[in-house]
Structures are given as structure tokens and as C-alpha cells.
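J.: Sequence and predicted structure are below.
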Amino acid sequence: MSILFGVRAADGDSIAESQLRRLALATGRYAPDGTCVQVRANVGMGFQPFYTHERSKLDAQPAMTARGNMLSFDGRLDNHKELHEEVEFPDKAAPDSEIVLAAFDRWGENCFSRLAGDWALVLWSNANRVLYLARDHAGTRTLYYEAAQGRVRWSTHLETFFVDSPAHGIDEAYAASYLAGLPFGELTPYEGIRAVPPRTSSASKARVSRESSIGHAGNRESRSAISRTMTTGSTSSRFSKKL
């Protein structure tokens, strides 16, 4: 499993490559193939590859398009041939990350429902100034995030969140779920750190973030989903249920 990590700073702030290199130290022992980082204005992405199949070696990440969209992708696209044809990508040997970026250019966030396989991703839409964090339907690959004071941090591993913020309290809701034998959902053992649920994309724009469920491309009927609207930096959250 490759490692995704990064920071989207508050509007008006910037990200230095040195900040990302510092975050990378937390997970360096899991990254035998090195660390790559990419910075654009107030968004910085890091990628520590772990190559598990031949096509994964084609990837050079974080990947960026001419439009300024940026992507870190951990996983495998089982339908890469079909997507390659649908987006009419010119390079027949294109890696999965480039196919995902081309799919996003064509379908926007609806592209996530078309990605069949085992994956987690972080995608920055430069035109819309939106950060997406998403996982596949099974959710076998982890992806965590923390949103506070206008800043969003994310990582495949929880260790990353302790590099600059060594103190995190125990999340009481997680502890209660653990003792009661209930599902954890998006909860983690630590306050303020959440998991992106399977079959879900979390979109963050400026000071507002939201979550939506990812449906199967071949199944367009409405699905039951929990969506959350959260004002970054505030302790209050509003929940609504769509049926």
C-alpha cells in the first residue's frame, strides 16, 4: 500500500516543500521506494510509493495536469482499459493516476463512481478550488483527515497527524463504540481526526466541507447516504440524511 499525505492550507497561506518533507518522516519506514512531493500555492501533496504490480511502476506521483489539477492515487484500477477508451486517452500505456485525472476532467466528481478496483485518492481541483478525498466501495485502503482553523491535513497513516501536533485527546465516541462493539464509521481513536468512509468522497472548499456517497457507475438509483456539512474551525456540525 502506497502512502498519501499532504496539507491544504487556509486561503492566503502557502505550503513549503520542507513542511511536506517533515510530515514524510512519520511514515518513512513504510516507504521503501522513497518520497515524492508536489506543491501548488496553498496545497501540498506527498506520495510514498509501494509498487505492488507492474502498472503501478508507470506512475509518477503526485501527478499534475496542465489545468493545475493535482492527484495522489493509492491502489489499482481494474477497469483501466475501459476508462482509457471512454476518456479517449492518447497514451495506451498511461498509468492509473493519469486515467483518473482524465476521467475527472471529463465527468468531474461523478468520475469516482466509475473507478472499479481497490483504491484511495486525494484530488485537488484547481479551477473549483476544491479538495476531494475518496475511497472505493470496499474501503480496504485507509485515508484519514483533520480539518481545523481553515487547514486540512490527510494521510494514509495516523502517525502523520502527530508530527506537528503531538497532543490529541481520546475520542469519547470512538471509545464508546469500541466498548459497545459498535461500528466505528468515520471515527478514529483521536479527537478531530476522521476516516474517509468507504464509498464516500469528502469535498472541502474554502471553509466548508461535505461528504457524499459514491454509487456504482452501472447503478444510478438513489442510495441512502449520510452527508455532513462542517464549518472548519467550529466545533458544531450539521447532519442531514438523504433517502
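T.: Cool, got the structure.
J.: From the contact counts, what lies against the helix or strand that contains residue 131?
T.: For residue 131, the host element (DSSP states H and E) is strand 130-135. Counting contacts by 3 or more C-beta pairs under 8 Å, 6 or more residues apart in numbering; DSSP states H and E, strand 130-135 is packed against strand 117-125, strand 200-205. Every C-beta, even on glycine, is put in place using the N, C-alpha and C of the backbone.
J.: which secondary element of this structure has the worst mean pLDDT?
T.: strand 237-242 (a mean of 26; mean pLDDT, DSSP states H and E).
J.: for stretch 51-58, what is the average pLDDT?
T.: Computed over stretch 51-58, the mean pLDDT rounds to 68.
J.: cool, stretch 141-158 as well?
T.: The pLDDT scores in stretch 141-158 average 95.
J.: hang on, residue 136 packs against residue 121?
T.: No - Residue 136 lies out of contact with residue 121 (C-beta atoms under 8 Å); the separation is 9.1 Å.
J.: The helix ranked longest in the chain packs against which elements?
T.: If each helix of the chain is counted by residues according to DSSP state H, the longest one is helix 96-107. Under the contact criterion of 3+ C-beta pairs under 8 Å, 6+ apart, helix 96-107 touches strand 63-64, strand 70-77, helix 80-86, strand 117-125.
J.: residue ranges with poor pLDDT in this structure?
T.: 53-56, 58, 205-243 (pLDDT under 70).
J.: Next, please give the residue ranges for the helices of it.
T.: Per DSSP H, the chain carries helices over the ranges 17-24, 80-86, 96-107, 172-180.
J.: so who does the residue nearest to residue 185 when sequence neighbours are not counted touch?
T.: Counting by C-beta to C-beta, 6 or more residues apart in numbering, residue 185 lies nearest to residue 197, which is 6.3 Å off, once chain neighbours are set aside. Residue 197 makes contact with 135, 139, 185-186, 211, according to C-beta atoms under 8 Å, 6 or more residues apart in numbering.
J.: Select from these the one having the most neighbours.
T.: Compared across the contacts of residue 197, residue 135 has the highest neighbour count, 26 neighbours, by other C-beta atoms under 10 Å.
J.: isn't it right up against residue 202?
T.: No - at 9.3 Å, residue 135 and residue 202 do not qualify as touching, with contact defined as C-beta under 8 Å.
J.: so what sits against both of the two?
T.: The contact sets of residue 135 and residue 202 overlap at residue 196 (C-beta under 8 Å, 6+ apart).
J.: Counting neighbours, what do you get for residue 158?
T.: Residue 158, neighbours per other C-beta under 10 Å, totals 18.
J.: wait, doesn't it sit right on residue 195?
T.: No - contact between residue 158 and residue 195 fails when scored by C-beta under 8 Å: they sit 9.4 Å apart.
J.: what sits in contact with each of those two?
T.: By C-beta under 8 Å, 6+ apart, the residues touching both residue 158 and residue 195 are 144, 188.
J.: what is the closest residue to residue 192 other than its chain neighbours paired to in the beta sheet?
T.: Distances taken as C-beta to C-beta, 6+ apart place residue 146 nearest to residue 192, at 5.4 Å, with adjacent residues excluded. Residue 146 has the following beta-bridge partners by DSSP bridges: residue 153, residue 193.
J.: Let me see the contact set for residue 146.
T.: 152-154, 161, 192-194.
J.: can I get those residues in JSON lines with distance to residue 106?
T.: Listed next are these as JSON lines, based on distance: C-beta to C-beta, whole Å:
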{"residue": "152", "distance to residue 106": "26"}
{"residue": "153", "distance to residue 106": "29"}
{"residue": "154", "distance to residue 106": "25"}
{"residue": "161", "distance to residue 106": "34"}
{"residue": "192", "distance to residue 106": "35"}
{"residue": "193", "distance to residue 106": "33"}
{"residue": "194", "distance to residue 106": "30"}
